[in-house]
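1. output the structure for:
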Amino acid sequence: MAKIKQLGRKYHKGLAAIIIILLLSGVVILSHVTGILNFVEYKFYDFRINLFSSDKLLGIENPLRASNRRSDDIVLVILDQGSVDWAQAERGYGWPWPREAWAEFIDYMNLGGAKTVAFDILYSEPSVYRNARQDEIIEGAINDGNGPGCHYRQ
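-> Numbers count the residues shown, from 1 in each chain. Next comes the predicted model:
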């Protein structure tokens, strides 16, 4: 009987550790499946963003924010599926858009006083436009001389 108690004490800590590990693993898996961890992460993310984006941190000037002032001089234009659908319905442009569409965009940015225009476009589908002058059209808009600095690489 004494040997059984010694064996029980010897394996008691290991068994307790296995039970604790299994319980904690179950809690983590259950939290992940139910989305509780996402909710907590989103709240902490919002807190961090608000903390580092505010001008004041606990009533004093926020040193983390002072060098990251927002500028209204930068405008980001994003193409999404709605833009592609609009161009198809209104202009008859299928994707990828012809270079003429990008030349019109550059001209419009020029009218707005843009200093630089940059494109980040991946043409993953073959062009539906069989115009050999497509590259000349956009290069003409870029090299106009009066237009914004533009970076275009095919």
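2. pop the domain breakdown of the protein in here.
-> Domains of the chain are assigned by automatic domain parsing as 2-61, 81-151.
3. worst mean pLDDT among these?
-> Of all these, the minimum mean pLDDT falls on domain 81-151 (a mean of 75).
4. can you give me the strands for this structure?
-> When secondary structure is read from DSSP state E, the chain shows strands at 56-57, 60-61, 116-118, 149-151.
5. and for residue 96, the neighbour number?
-> Other residues near residue 96 come to 19 when the count uses other Cβ atoms under 10 Å. Glycine gets a C-beta too; all of them are placed from N, C-alpha and C.
6. wait, residue 109
-> Neighbours of residue 109 (other Cβ under 10 Å): 19.
7. give me the nearest residue to it, chain neighbours excluded.
-> With Cβ to Cβ, 6 or more residues apart in numbering as the criterion, residue 109 has its nearest non-adjacent residue at 5.0 Å, and that residue is residue 117.
8. run a quick neighbour tally on that neighbour.
-> Applying other Cβ under 10 Å, we find 21 residues neighbouring residue 117.
9. I'd guessed it sits against residue 107; true?
-> No. Applying Cβ atoms under 8 Å as the test, residue 117 and residue 107 come out as separate, 10.3 Å apart.
10. okay, helices next: where are they in this structure?
-> For the chain, helices defined by DSSP state H occupy the ranges 2-34, 36-53, 81-86, 99-111, 134-142.
11. nearest to residue 74 among those would be which one?
-> helix 99-111 (12.7 Å; Cβ to Cβ).
12. packing partners for the closest one?
-> Applying 3 or more Cβ pairs under 8 Å, 6 or more residues apart in numbering; DSSP states H and E, we find helix 99-111 packed against strand 116-118, helix 134-142.
13. do that again at 6 Å, thanks
-> Judged by 3 or more Cβ pairs under 6 Å, 6 or more residues apart in numbering; DSSP states H and E, helix 99-111 is in contact with helix 134-142.
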